[in-house]
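Participant: With the input below, show me the fold.
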Amino acid sequence: MIRSRSLIPFTLACALLLVVGCSSSRLPTLTSDDPSAVIGTYQIRQFEFEPDASVLEEIDVLEYVNPDASSLELTSSRDFVLTYRPRNGEPVTLTGTFSLDSNKVELAGQREDVGQYQDILLDRTFYLHHQKPDVLWVHTKKQVAIEELSASYDGLTGVEGTLRLELVQTSSTAGGR
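Facilitator: Coordinates of the predicted model:
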C-alpha cells in the first residue's frame, strides 16, 4: 500500500510531462523580426457571427461571401491582400500591412476601406491568432451592423455577438511582394 501511494505523484508527474510534450506542436513562436511562419495564402474555412440576442439566429457569413473567391495573402514584405466576393457582387480587394505579436497577427487595412471591412463584419484593424500550424483564427466579442450583409437585416445595427473566423493555409508562398 505504501509503495502504490508513492507512485501516485510519480505517475501524475509523468502524465503531466506526456500531456505537455504532446500538446507542444511544431508551431514556431511568432517574432516581430521573422514573418516566415505565417507567409502564404489562406482560404476561409469558417466565418460566423452569433448574436447575443436569442431572437436572432447565428449568421453564416459564407452565405453572403463566396469562400471559393475569397482569400488572405500574407507576404514576406509584411503586406496583406484580402480578397472577397459577395455572392451577388463584384470581387473586393483590400490591402494593408501586418505585424506580429506573440502568437497573433495584426492586420491593418487602409483607412479609406473601412466600409468594405464593415460589409463583412470586420474592423479595418483586427487580430488573427496563430496557435495551430497552417491556421489563423479569431473568436471575438464585438458589435456589428449585420444590415451590411443583406437587406433582410435592414435596420439591425449595433448587434452584440461573437464573430468566429478561421482561415486555413493553402500555400506557404505568397508572391514575394
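
Participant: ok, the nearest residue to V144 once chain neighbours are set aside - contacts?
Facilitator: Nearest-residue entry for V144: L121, 4.7 Å, with adjacent residues in sequence omitted and distances by Cβ to Cβ, 6 or more residues apart in numbering. Any C-beta I mention is one placed from the backbone N, CA and C, and that applies to glycine too. Neighbouring residues of L121 by Cβ atoms under 8 Å, 6 or more residues apart in numbering: F49, V61, K142, V144, I146, E148, L149, L163.

Participant: Whichever of these end up buried, select them in ChimeraX.
Facilitator: In ChimeraX, a selection of the buried entries from those looks like this (16 or more other Cβ atoms under 10 Å):
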select :49,61,144,146,148,149,163
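
Participant: Quick check: the residue nearest to V144 vs V61, distance?
Facilitator: 6 Å (Cβ to Cβ, to the nearest Å).

Participant: Touching both of the two, which residues are there?
Facilitator: F49, L149.

Participant: So which residues of this structure form helices?
Facilitator: Here the chain has its helices, by DSSP state H, at 2-23, 114-118.

Participant: which one of those helices has the lowest average pLDDT?
Facilitator: If the helices of the chain are sorted by mean pLDDT, helix 2-23 sits at the bottom with a mean of 39.

Participant: follow-up on the earlier one: quick check, pLDDT for the residue nearest to V144.
Facilitator: Looking at L121, its pLDDT reads 94.

Participant: Apart from its neighbours in sequence, what residue is nearest the residue nearest the centre of the chain?
Facilitator: Nearest to the mean C-alpha position of the chain, by Cα atoms, centre = their mean, lies W137 at 2.5 Å. Leaving out its chain neighbours, the residue that sits closest to W137 by Cβ to Cβ, 6+ apart is E166, at 4.2 Å.
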